[in-house]
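Student: missing the sequence, but the structure's below:
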């Protein structure tokens, strides 16, 4: 995205000066100053998602156990400008580890989302992550390259033998929490880059557990929900594997990079499942 376009978009959200490109995520987020404080500008997948998220999260309240950014309206009263949305800035830095704090913040965050109804835009998503999520939850068939299927098929077989708990309730969750926390001294953890999914809360924690293979700090199983964790970890692992060929198909990464990620996930499967054996 050329800086001139970003500057124009920032101005529509009240920004002044040249926006600063942020290093996290996919390098597509920008920070800019406004009269009400700094905001973050980032791409939004679809118009209907941007409007639903803006209208919903502008009205939600959360417990003091978590900080959550607020969506920002444009000068024209819109939640989206040229494919971008804006959110208030949360002070803090990302940090490896701190899993107990992360899980506690996630539970406070998800408690605030519990009353929400399922949004329709989820059914219309066709991005690689949504497609992989449907495969992990047996809502779509897996049809990938041989290397990916060699890693994924055993996990899908275990999923078939490990149904999700009948009493688990789907609700709106943040489906990609792992790297989306910020910490500041004497303040609750902040949760950023909200990625809505409609799954059980335990699945959001399982995604964090699976993603610990990428970080230097070791997580303890005791930090995570215990009941039915195996069912959720299997689905989180399947989603992460399926995301790789889905991103290749979408032209978002090379087959070589994806194969390396799949290989690491396959090698970690036993360790990730070990704390939660089948019964």
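Tutor: Perfect, thanks for sending it. It should be emphasised that the depicted structure is a prediction, and the values quoted were computed from it without experimental measurement.

Student: what about residue 169, distance to residue 198?
Tutor: 10 Å (CB to CB, to the nearest Å). (Glycine included, C-beta is placed from N, CA and C.)

Student: ok, the two, which is more surrounded?
Tutor: For the pair residue 169 and residue 198, the greater number of neighbours falls to residue 198 (16 against 9), based on other CB atoms under 10 Å.

Student: By mean pLDDT, flag the weakest helix or strand of the protein.
Tutor: helix 3-12 (a mean of 86; mean pLDDT, DSSP states H and E).

Student: So which elements touch that helix?
Tutor: strand 16-21, strand 30-33, strand 39-43 (3 or more CB pairs under 8 Å, 6 or more residues apart in numbering; DSSP states H and E).

Student: How about that helix, which residues are buried there?
Tutor: Using 16 or more other CB atoms under 10 Å as the test for burial, helix 3-12 gives 6-7, 9-12.

Student: What of stretch 185-199?
Tutor: Those buried within stretch 185-199 under the rule 16+ other CB under 10 Å are 188-194, 196-199.

Student: and which of these is nearest residue 182?
Tutor: Taking CB to CB as the measure, residue 182 sits nearest to residue 190 out of these, at 4.2 Å.

Student: wait, what's in contact with that closest one?
Tutor: 66-69, 90-92, 181-184 (CB atoms under 8 Å, 6 or more residues apart in numbering).

Student: Generate a ChimeraX selection restricted to the buried subset of these.
Tutor: Under the burial definition 16+ other CB under 10 Å, those of the contacts of residue 190 that qualify are selected in ChimeraX by:
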select :66,67,68,69,90,92,181,182,183
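
Student: among the contacts of residue 190, which are in strands?
Tutor: 181-182 (DSSP state E).

Student: Sort out for me which of the contacts of residue 190 are in helices.
Tutor: Applying DSSP state H to those, no entry is found in helices.

Student: Tell me the spatial nearest neighbour of residue 158, not counting adjacent residues.
Tutor: Using CB to CB, 6 or more residues apart in numbering and skipping residues adjacent in sequence, the residue nearest residue 158 is residue 234, 5.3 Å away.

Student: how about the helices of the stretch 51-200 of the chain, start to end?
Tutor: 99-113, 128-136, 146-160 (DSSP state H, counting those that start in this stretch).

Student: remind me which residues of this protein are low pLDDT?
Tutor: 1-4, 24-26, 279 (pLDDT under 70).

Student: again, only this time at 50
Tutor: 1-2 (pLDDT under 50).

Student: spatially speaking, which residue is in the middle of it?
Tutor: residue 176 (1.9 Å; CA atoms, centre = their mean).

Student: which ones are touching that one?
Tutor: Counting by CB under 8 Å, 6+ apart, residue 176 makes contact with 129, 193, 195, 207.

Student: ditto for residue 191
Tutor: With CB under 8 Å, 6+ apart, residue 191 has these contacts: 66-68, 105-106, 109, 174, 177, 180-181.

Student: just curious, which of these is nearest to residue 28?
Tutor: residue 180 (14.4 Å).

Student: Got phi/psi on the closest one?
Tutor: Backbone torsions of residue 180, given as degrees, to the nearest 10, read phi -110, psi 50.

Student: Same question for residue 68.
Tutor: Dihedral angles (degrees, to the nearest 10) for residue 68: phi -130, psi 130.

Student: mind putting the contacts of residue 191 in CSV, distance to residue 98 included?
Tutor: Listed next are the contacts of residue 191 as CSV, based on distance: CB to CB, whole Å:
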residue, distance to residue 98
66, 13
67, 14
68, 17
105, 9
106, 12
109, 15
174, 16
177, 12
180, 13
181, 8
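
Student: closest to residue 124 among the residues you listed?
Tutor: Using CB to CB, the contacts of residue 191 come closest to residue 124 at residue 174, 19.5 Å.

Student: Please determine how far that closest one is located from residue 191.
Tutor: 6 Å.

Student: Overlap of the contact sets of the two?
Tutor: Common neighbours of residue 174 and residue 191 (CB under 8 Å, 6+ apart) are 106, 109, 180.

Student: quick check, nearest of these to residue 255?
Tutor: The closest of the shared contacts of residue 174 and residue 191, once distances to residue 255 are taken by CB to CB, is residue 180, at 27.1 Å.

Student: I appreciate the help and will end here.
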